[in-house]
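**Q** next input, structure requested:
(one chain, ligands or ions: 1)
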Amino acid sequence: MHFTKWQACGNDFVFINAAENPDIKSISDQAKLICDRHYGVGADGVIFILPSEAADLKMRIFNSDGSEAEMCGNGIRAFAKWAFELGLVNEKKISVETGAGILYPELLDDGNVRVDMGVPHLSAKEIPVLGFGDGTVVDKPLINGGTGKHYQVSCVSMGNPHCVIFVDDVNAIDLPGEGHQLEIDAHFPNKTNVEFAQKLSGNHFRMRVWERGTGITLACGTGTCAAVVAAILNGFADKSADVDLDGGSLHIDWAGSSKDHVYMTGPAVKVFEGDISL
Ligand SMILES: N[C@H](CCC[C@H](N)C(=O)O)C(=O)O
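**A** Coordinates of the predicted model:
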């Protein structure tokens, strides 16, 4: 099976063009093997490029544990560049059908990609999160069942669930130990991605992430969007922010109301192409 490997701020994916490999089910059933960094290609996830009746193209994303996610922010930037390179689209701004709705990535002249990520989802029901009431969930207490630590969490969905925690020093966090416990916390019926964010100055943040279904990654695009939305709602930033992740930086804009779209700008780079026998 032919694949193309992309990375976006170090979050890396095996891309598969369904036109060449139509048997999505048997391939996605092997996402765990494909993502294995010893026995497979090695990646944080597998992304399929598919035809769509509702948009220019359709994207499906599978985490390295084999679970399918609604959306991938770093992935959709690479998706847009690859689709254009393959000639599947002729415009630099395209529509992509995802589990988070139809989203609009745009190729910029500097090589970056700016994505209209749609609106953030803030009600407990949409995220989903249980036990925090039905209103907008912005800043609620949560006990980390694994360590007993008590965190104030901000819950935001970008189509996929995020639990954002603001701390004084992200480097002091035991990400392997705490990330997984929070990912599977009972408040999150669909589990959650976990972001630890630290305000550096002004609208500049540092963030580390434990991703649902993958674990620690060098960056998470939807997670960065969720963290900036939470920062703005908590009064830690206004309308835009630059976020430094382990693998690179992203710029996020959001005007601040639940009807305003979130915009993410960042890089995506093709690493190599190859073939794998499954
Ligand atoms: N692990 C995520 C999917 C990948 C999202 C992330 N890689 C991004 O860039 O948004 C989830 O299960 O919701």
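
**Q** could I have the CA atoms of the strand or helix carrying Arg60 written out in CSV?
**A** Using DSSP states H and E, Arg60 sits within strand 57-63. The C-alpha trace of strand 57-63 is given here as CSV (Å, rounded to 0.1, in the frame of the first residue of the first chain):
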residue,chain,number,x,y,z
LEU,A,57,-13.0,16.3,-0.3
LYS,A,58,-13.5,14.3,2.9
MET,A,59,-10.9,13.6,5.7
ARG,A,60,-11.0,10.7,8.2
ILE,A,61,-8.5,10.4,11.0
PHE,A,62,-7.5,7.4,13.1
ASN,A,63,-5.3,7.7,16.2
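
**Q** write out the residues of the stretch 151-278 of the chain neighbouring the ligand.
**A** The stretch 151-278 of the chain comes close to the ligand at residues 160, 193, 211-214, 220-223, as judged by Cβ under 6 Å from any ligand atom. Where C-beta positions appear, they are placed from N, C-alpha and C, glycine not excepted.

**Q** for those residues, name the two members farthest from one another.
**A** Using Cβ to Cβ, these span at most 14.9 Å, a distance reached by Gly213 and Gly221.

**Q** out of the two, which sits in the busier spot?
**A** Between Gly213 and Gly221, Gly221 has the larger neighbour count (other Cβ atoms under 10 Å), namely 27 against 20.

**Q** got the contact list for the more buried one?
**A** By Cβ atoms under 8 Å, 6 or more residues apart in numbering, the contact set of Gly221 is 8-9, 11, 72-77, 115, 250, 264, 266.

**Q** and if you look at Asn112?
**A** Contacts for Asn112 (Cβ under 8 Å, 6+ apart) come out as 77, 265-267.

**Q** just the buried members of those?
**A** Using 16 or more other Cβ atoms under 10 Å as the burial test, the contacts of Asn112 include 77, 265-267 as buried.

**Q** got those residues as JSON lines, with secondary structure, pLDDT and distance to Ser28 columns?
**A** As requested, these are arranged in JSON lines below (DSSP: H, G, I helix; E, B strand; the rest coil; pLDDT from 0 to 100; distance: Cβ to Cβ, whole Å):
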{"residue": "Arg77", "secondary structure": "helix", "pLDDT": "98", "distance to Ser28": "21"}
{"residue": "Thr265", "secondary structure": "strand", "pLDDT": "98", "distance to Ser28": "29"}
{"residue": "Gly266", "secondary structure": "strand", "pLDDT": "98", "distance to Ser28": "26"}
{"residue": "Pro267", "secondary structure": "coil", "pLDDT": "98", "distance to Ser28": "26"}
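
**Q** ok, which stretches of the stretch 101-250 of the chain are strands?
**A** In the stretch 101-250 of the chain, the strands defined using DSSP state E, counting those that start in this stretch lie at 101-107, 113-116, 140-143, 150-157, 161-166, 193-201, 204-211, 215-217, 240-245, 248-254.
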